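> This is a predicted model, with the sequence first.
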Amino acid sequence: MAAHNTSSPTRAGPRQPSISPAWLDWHVSDDLVIAVEHATVTRNGNHLIHSVSWQVELDERWVILGPNGAGKTTLLNLAGARLHPTRGTVDVLGERLGRTNIAELRTRLGFTSNGLPLPAEETARNVVMTASWGVVGRYRERYDRLDEGRAQALLSQLGVANLGDRLYGTLSEGERKRVQIARALMTDPELLLLDEPTAGLDLGAREDLVRRLSELAEDPDAPAIVLVTHHVEEIPPSFTHAMLMRDGAVVAQGLLRDTITADNLSTAFGLPLKLSTIDGRFHAQAA
Ligand SMILES: Nc1ncnc2c1ncn2[C@@H]1O[C@H](COP(=O)(O)OP(=O)(O)OP(=O)(O)O)[C@@H](O)[C@H]1O
């Protein structure tokens, strides 16, 4: 699934100058795409997340799991430069939130979430293509054949090549999810953030999307990926790392195989769970 249009040898993106205090503070790999240090987000006196630290490198594919209200979307919104931390620091693609141009930073990120308002009256191809201008509907922007070709290639990559001319509003939930991911990839992002892309899908659509995400994750040219989900069954087999959250805090994080354990899941979801794996896929049930 290599449909990226960059010839750049690295996706690490521009870094802050070496004299920057933020950069000096890091002492970490050049490939770091997300660095969250003791981040707390507070609203009305409540902690949505509390003192979360997390680092993601360029070649890593992360899944964030946890029960409702655990703080997964809040953390993803920090990584997507859609929120600022109340305390702590967040660096995304070498840019520190609060000291950088957020609009510019967002152009380097691919982000999908159910909350994204996409126009029902645009064609699926336009929904994908308009991402290159950072808008959701066609107006007076100019697109060339390359833009159209890339949008169509991404629709093919996601298995919906035949839907390019269909109005977005007429697509099924599963078809929309795929168009949303194609849109998120349109700008050839350095970081892809997916908030519950499998929510609301039937079994066949879910399995198809998990397989496609697994293929995308295997592509060495693909961006760093962070996927939020509630279900271990939805972890694409080629993902590499996991974080488990509960009550706004991290229960466990690290390599997928070390993190997705019955004990850690039981702690995160607050009930005793049994865990099994078949062909690299996880399955959890009450113990
Ligand atoms: N703007 C806000 N003001 C107050 N509380 C908020 C706000 N946004 C989120 N919360 C609360 O913060 C907590 C974490 O929310 P978040 O959406 O990050 O959790 P989540 O793990 O993504 O949940 P879900 O799996 O249900 O989507 C929840 O208890 C939520 O009600």
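Thanks, I have it. Numbers count the residues shown, from 1 in each chain.
> Show me the shaky parts of this structure.
In the predicted model, the chain carries pLDDT under 70 at residues 1-29.
> Isn't Ala184 up against Ser113?
No. At 9.7 Å, Ala184 does not count as touching Ser113 under the criterion of C-beta atoms under 8 Å. To be clear about C-beta, it is placed using only N, CA and C from the backbone, and glycine gets the same treatment.
> More neighbours: which of the two?
With neighbours defined as other C-beta atoms under 10 Å, Ala184 and Ser113 compare such that Ala184 has more, 23 against 19.
> quick one: contacts for that one?
By C-beta atoms under 8 Å, 6 or more residues apart in numbering, the residues touching Ala184 are 110-112, 131, 192-194.
> Recalculate using a threshold of 6 Å.
110, 112, 192 (C-beta atoms under 6 Å, 6 or more residues apart in numbering).
> Secondary structure element holding it?
Element membership for Ala184 (DSSP states H and E) is helix 173-185.
> Pull out the buried positions in that helix.
174-185 (16 or more other C-beta atoms under 10 Å).
> Only the C-alpha atoms, please, for stretch 117-136, written as PDB.
The C-alpha trace of stretch 117-136 is given here as PDB (Å, rounded to 0.1, in the frame of the first residue of the first chain):
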ATOM      1  CA  PRO A 117     -17.700  17.500   9.600                       C
ATOM      2  CA  LEU A 118     -17.500  16.200   6.000                       C
ATOM      3  CA  PRO A 119     -20.000  17.500   3.500                       C
ATOM      4  CA  ALA A 120     -22.700  15.000   2.400                       C
ATOM      5  CA  GLU A 121     -23.100  16.800  -1.000                       C
ATOM      6  CA  GLU A 122     -19.500  16.400  -2.200                       C
ATOM      7  CA  THR A 123     -18.300  13.400  -4.100                       C
ATOM      8  CA  ALA A 124     -16.100  10.900  -2.300                       C
ATOM      9  CA  ARG A 125     -13.200  11.900  -4.500                       C
ATOM     10  CA  ASN A 126     -13.600  15.600  -3.600                       C
ATOM     11  CA  VAL A 127     -13.800  14.700   0.100                       C
ATOM     12  CA  VAL A 128     -10.400  13.100  -0.300                       C
ATOM     13  CA  MET A 129      -8.900  15.700  -2.700                       C
ATOM     14  CA  THR A 130      -9.900  18.800  -0.700                       C
ATOM     15  CA  ALA A 131      -7.600  17.700   2.100                       C
ATOM     16  CA  SER A 132      -4.700  19.000   0.000                       C
ATOM     17  CA  TRP A 133      -6.000  22.600   0.700                       C
ATOM     18  CA  GLY A 134      -7.100  21.800   4.200                       C
ATOM     19  CA  VAL A 135     -10.800  22.400   3.400                       C
ATOM     20  CA  VAL A 136     -13.700  20.100   3.400                       C
END
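> Now it: buried residues?
118-119, 122-133, 136.
> ok, now stretch 237-255?
Quick answer for stretch 237-255 (16+ other C-beta under 10 Å): 237-239, 241-246, 248, 250-253.
> do the same with stretch 53-65
Here stretch 53-65 shows 54-58, 60-65 as buried, counting by 16+ other C-beta under 10 Å.
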